[in-house]
Each structure stands twice: as C-alpha cells, then as structure tokens.
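J.: please find the sequence and the predicted model below.
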Amino acid sequence: MRLKIAVLSRNFSTTGGGAERYSVAVVEELAARHEVHVFAQKIQHQAPGVCYHPLAFRLERPRWINQWMFAISTWWATRKGFDIVHSHENVWHGNVQTVHVLPVRYGLFHGKGGLALWLRYFKAATSLRLLSYLWLEKKRFAVNGQRRVVVTSDALREAMLQAYPAVAGALEVITPGVAMPAASASAQEKRDARARLGLPAQGTCLLFVGNDFRKKGLPSLIKALALLPSAYFVAVVGHPKQREAMQQLAQEAGVPQRLVFLGTLQNMESAYRAADLLVHPTLQDTYAMVVLEAMAHGVPVVVSGLPYCGIAGELTHLAQAWILADPHDPAALAQAIGAVVADTALAQGLVARGLEFAQAHSWAHAGAQHEQLFRCLVD
C-alpha cells in the first residue's frame, strides 16, 4: 500500500544539524515507495519524488512565535488528505512525533527540588516563551491510539519517561542511520581533502562538528589543544555565530592559529577524509550522528560518555571509541587525544570496530522501521 505522508520540519536541510539530517535521510528512504510531502520554512534539498511545500518565513525571532506560526500553518495544510503526518517539530498535531532533543519540561524541572523547583515554576509561569513551549509539548505528547512518539536513543527515551510518564506505551526508539562511503581515505585522498578545505598539509587534524560550539564542547577542546604539541590543529565545522567568542578563547589559550573555521558544509565528505580524529566532547547530545558518520568514514573517535551523549550508551570504551567520563576536563581530553594518536594499534582497533558499528546502522533500516510504524497506524 502506497502511503501519502506529510513531513513537518522547519529547516529541511542537511546543514541544519543532526535533527535536520535525520528528517532528510528518512524522507529520502520513504520517497522511493511512498508519496512524501515536506512542509518547511527553509528548504535546501531536492530529492526525486518528493513534493516540497515552502511555508512563509515571516518572523525568525522570537523563535517561540515562529514556532506557533509553523504549528498553525502546518495544521491547516495537513488537516486532511494524508495517511500519516510525521512531525519533527513541537506542534500539537501529527500522528507520529519524532523527538530529537530533551523535552523542555525535563530541562526545566528534572533534578530540582525545594526552593530551586519553585523558582523554576515561577520562571515558567512568568515567561510567555516557556509557557508556549510547555503547552505545545503537553499537547504533542498527549498520546492516544492514533499517535506514536519516536525518540532517537535509549537515553532520550529515559528522559521522556521522566518528563512525561504517560507516553510510555507510545514510545518507539529509532536511532539515526548512516550512508557508508565506498572506502576509508587513502593518504593521497587525505592530502587532497585538506587542500580543498584550506587545511594545513602537515600535522594532526582534529575534527570538531557542531552548530552550537559551546554545547558541543569546543571550549574544552580549545583548552585541551593548548596542552598538545603544536602539530595538532582543529578543523571546526558548524554555524559561525559563536566563532568570535571561540577565537577569543583560543587567543587566551595561546592557540589562535591552530583553529581553522570551515563554516557549515553541504557535504561533509572532505572533512571526514581530512581528519585524523573526530573529537566530540559534547555537553548535551541525545544521540550524536557525527560520531556514527566519522566511524563510517574510518575516523577514530573521542566522545563524551553518558549522560552527556546518547550514542555512548551503545558504545564500549576503547572498543568503538574512547569515551570521556568528563568532557569538562581539558587535561583528560588532551590525554585521550594524545593516546589515540600515539598508539597506532589502539587507533586501528577503534577504526575497525567503529566501522562494524556503523555498518549495523543503515538509513535503510531506519526507514524500514518508520515504514512499519506508519503501517501499524493506518492498518
């Protein structure tokens, strides 16, 4: 049975972040077998068989008002004629809701008690922005027999259960997938990739990827870089909005020339081929697709452990990755980086087992899981 599917994602682009890349990849998988319509405010993607519906982008700031505009316009556009409405956004409608980030309710109230909890209640009650997000979230997770909530990791599932325990029966975990490249980069391909990106031809390239530099741990990496030999440098991929602040931190740490900002990249292939090591000392990631992608490209990985990073719950320290106990600790981060780079056998083992892990996480499998979920709702 061919389904007519509406997909709601404000920024439908591969450069937006992990959530956006997830929605794009699932659409690409489903479009081969179903009629897929994408409703978005920003569209930077074209795929055969997909119908794109650009929505008016009238007010980028404040974001909470824009969220309401998106919710209302997509509700009106998809209220009839679709078998499945699949939302990646905080809206009250849609029979499949995919959650990529921690619930607002969890972030506000989890772990708080006494006066601290009451202060959070007061903060929420006096903020139109927070009240709006909380209301939309409550409606979004008001489950019934015709709604399912997809989360991208077991760690996010646990956070959802703590914030909204009533959603337990509707939860599904569908982790991100990855597109496997033909082969890992050869020495010549690494040199060519560095030349294309304007990176130093010599030295150890540490790859950092994330649009929110602070949340993804770049300050810790800058401090760790100051503890490493001068041949080490960091290639930074992500939105440049925090670049000036990070350059100031690098200046204070004495390593301003050892950070190369590449901005957002439409295609990450060259960045992975240029890298010797992916360093992801994130402070908050419900999954971290970049880790999976680096593994697929044969790049060893240093990554934050739980509770900072969701994918770490599926990994074993010194098997698929070097897992950091505390991403806030620059000395421990520098020690991890130095150990992986210096120990060829360790690095090769991380690459081999990382490749095995990535091969078990295909987008085809993720797409099939979504398709099965959709069919359960329409049958």
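T.: All right, it came through fine.
J.: can you give me the helices in this structure?
T.: 18-31, 63-78, 104-109, 114-125, 128-140, 154-163, 187-197, 218-225, 243-253, 269-274, 289-296, 330-342, 344-359, 363-378 (DSSP state H).
J.: and these: which comes nearest G49?
T.: Each of these has some distance to G49 by CB to CB; the shortest is helix 18-31, at 4.4 Å. Where you see a C-beta, it was placed from the backbone N, CA and C, and this is true even at glycine.
J.: counting contacts, what elements does that closest one pack onto?
T.: Under the contact definition 3 or more CB pairs under 8 Å, 6 or more residues apart in numbering; DSSP states H and E, helix 18-31 sits against strand 4-8, strand 11-13, strand 35-40, helix 289-296, helix 363-378.
J.: need those in a markdown table with distance to Q242, mean pLDDT and mean neighbour count, can you?
T.: A markdown table is the format used below for these (distance: least, CB to CB, whole Å; pLDDT from 0 to 100; neighbours: other CB atoms under 10 Å):
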| stretch | distance to Q242 | mean pLDDT | mean neighbour count |
| --- | --- | --- | --- |
| strand 4-8 | 28 | 97 | 24 |
| strand 11-13 | 18 | 92 | 21 |
| strand 35-40 | 25 | 97 | 22 |
| helix 289-296 | 17 | 96 | 26 |
| helix 363-378 | 30 | 94 | 16 |
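J.: so for G145, which of these sits nearest?
T.: Comparing these by CB to CB, helix 363-378 comes nearest, at 8.9 Å.
J.: which other residues reach the closest one?
T.: With contacts defined as CB atoms under 8 Å, 6 or more residues apart in numbering, helix 363-378 is touched by 1, 3, 5, 25-26, 28-30, 33-34, 83-84, 86, 95-96, 146, 148, 150, 172, 174-179.
J.: what about G367, distance to Y52?
T.: Computed as CB to CB, to the nearest Å, the G367 to Y52 distance reads 19 Å.
J.: wait, I meant V340
T.: Applying CB to CB to V340 and Y52 gives a distance of 42 Å.
J.: repeat that for A224.
T.: A224 sits 42 Å away from Y52 when distances are taken as CB to CB.
J.: so between these two, which is more surrounded?
T.: Set side by side, A224 and Y52 show more neighbours around A224, with 28 against 14, by other CB atoms under 10 Å.
J.: OK, contacts around that one?
T.: P281, P330, A331, L333, A334, I337.
J.: rewinding a little: compare the helices and strands packed on helix 18-31 and give me the one nearest W75.
T.: Closest approach to W75 among the helices and strands packed on helix 18-31 (CB to CB): strand 4-8, 9.4 Å.
J.: ok, back up a step: among the contacts of helix 363-378, name the buried ones.
T.: Buried subset of these (neighbour count, 16 or more other CB atoms under 10 Å): 3, 5, 25-26, 28-30, 34, 83-84, 86, 95-96, 148, 150, 172, 174-178.
J.: so where's this protein uncertain?
T.: Low-confidence regions of the chain, defined by pLDDT under 70, span residues 57-59.
J.: domain parsing of it, as residue ranges.
T.: 4-177+362-378, 187-359 (automatic domain parsing).
J.: please identify the most buried of these.
T.: Across the domains of the chain, averaging neighbours per residue (mean count of other CB atoms under 10 Å) puts domain 187-359 on top, at a mean of 19.
J.: need the helices of the chain in TSV (columns: distance to V303).
T.: Formatted as TSV, these follow (distance: least, CB to CB, whole Å):
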stretch	distance to V303
helix 18-31	14
helix 63-78	28
helix 104-109	22
helix 114-125	30
helix 128-140	28
helix 154-163	13
helix 187-197	21
helix 218-225	12
helix 243-253	20
helix 269-274	15
helix 289-296	5
helix 330-342	10
helix 344-359	11
helix 363-378	20
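J.: which among the ones you listed is found nearest to L306?
T.: helix 154-163 (6.3 Å).
J.: give me the contacts around that closest one.
T.: Contacts for helix 154-163 (CB under 8 Å, 6+ apart): 99, 102-103, 105-106, 109-110, 141, 149, 151, 167-168, 171, 173, 286-287, 306-307, 310, 313-314.
J.: mind running it again at 6 Å?
T.: L102, P103, R105, Y106, V151, A168, L171, V173, T286, G310, G313 (CB atoms under 6 Å, 6 or more residues apart in numbering).
J.: could you export it as PDB, CA atoms only?
T.: The C-alpha trace of helix 154-163 is given here as PDB (Å, rounded to 0.1, in the frame of the first residue of the first chain):
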ATOM      1  CA  ASP A 154      17.600   5.000  24.800                       C
ATOM      2  CA  ALA A 155      19.000   7.900  26.800                       C
ATOM      3  CA  LEU A 156      16.300  10.200  25.300                       C
ATOM      4  CA  ARG A 157      13.700   7.600  26.000                       C
ATOM      5  CA  GLU A 158      14.600   7.700  29.700                       C
ATOM      6  CA  ALA A 159      14.400  11.500  29.800                       C
ATOM      7  CA  MET A 160      11.000  11.300  28.000                       C
ATOM      8  CA  LEU A 161       9.700   8.900  30.600                       C
ATOM      9  CA  GLN A 162      10.700  11.000  33.400                       C
ATOM     10  CA  ALA A 163       9.200  14.200  32.000                       C
END
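J.: state the distance from E356 to Q266.
T.: Applying CB to CB, the value for E356 to Q266 is 28 Å.
J.: what's the answer for R191, then?
T.: R191 sits 22 Å away from Q266, going by CB to CB.
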